[in-house]
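>>> Below is the sequence, then the predicted model.
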Amino acid sequence: MRYLLDTQILLWILSDDERLSNHLRKLLISEESKHYISVASLWEIGIKVSLGKLVLKGGVRQVMKQAKEMGVEVMSIEANYIKKIEELEFHHGDPFDRMIIATAMEEKMTVMSSDRHFDRYEIQLEKN
């Protein structure tokens, strides 16, 4: 199974946050699972760090290093994902999350998220 992690789940994984459910923890260590993040998540983290809304030792470079060490692959933003965003209902206003949703739809991936707004889209979802 291929999972696309939303930004919050990525941050919780990297910080071993107690809010990450046991259900998702099991999926993350499953040998049948492959995990991905969108470059949009890295972009979001970089913006939040630069604005002081998120404090991360080592910033986005450290996130990229840790993700790589965990075997999480970074997905580029493709033109067909951007076209898909035009078709999305506007249930969610966050542009980064909308990119994650569009990516998951186009790639037929399951999203790991704790965001209730993701429920309103026709995607496979593993909720925290």
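Yep, it's here. None of the values given here were measured: they were computed from a predicted structure. Numbering: from 1, shown residues only.
>>> Could you use CA atoms for every contact and neighbour count after this?
Fine.
>>> right, and Val72 touches Tyr36 too?
Yes: the pair Val72 / Tyr36 is scored as a contact, 5.1 Å apart, by C-alpha atoms under 8 Å.
>>> Quick check: end-to-end length of stretch 26-42?
24 Å (C-alpha to C-alpha, to the nearest Å).
>>> Flag every buried residue along that stretch.
27-28, 34-42 (16 or more other C-alpha atoms under 10 Å).
>>> And stretch 117-127, by the same measure?
Neighbour-count burial for stretch 117-127 [16+ other C-alpha under 10 Å]: 118, 121, 123-127.
>>> what does stretch 11-19 give?
Applying 16+ other C-alpha under 10 Å to stretch 11-19 flags 11, 13 as buried.
>>> And that stretch, end to end?
First-to-last residue span, stretch 11-19, C-alpha to C-alpha: 11 Å.
>>> Check stretch 68-76 too.
15 Å.
>>> Could you check which helix or strand contains Tyr36?
strand 34-38 (DSSP states H and E).
>>> Put the alpha carbons of that strand into PDB.
Provided in PDB are the C-alpha atoms of strand 34-38 (Å, rounded to 0.1, in the frame of the first residue of the first chain):
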ATOM      1  CA  LYS A  34       5.500   2.500   1.200                       C
ATOM      2  CA  HIS A  35       5.500   6.100   2.400                       C
ATOM      3  CA  TYR A  36       5.700   9.400   0.500                       C
ATOM      4  CA  ILE A  37       5.500  13.100   1.200                       C
ATOM      5  CA  SER A  38       4.700  15.900  -1.300                       C
END
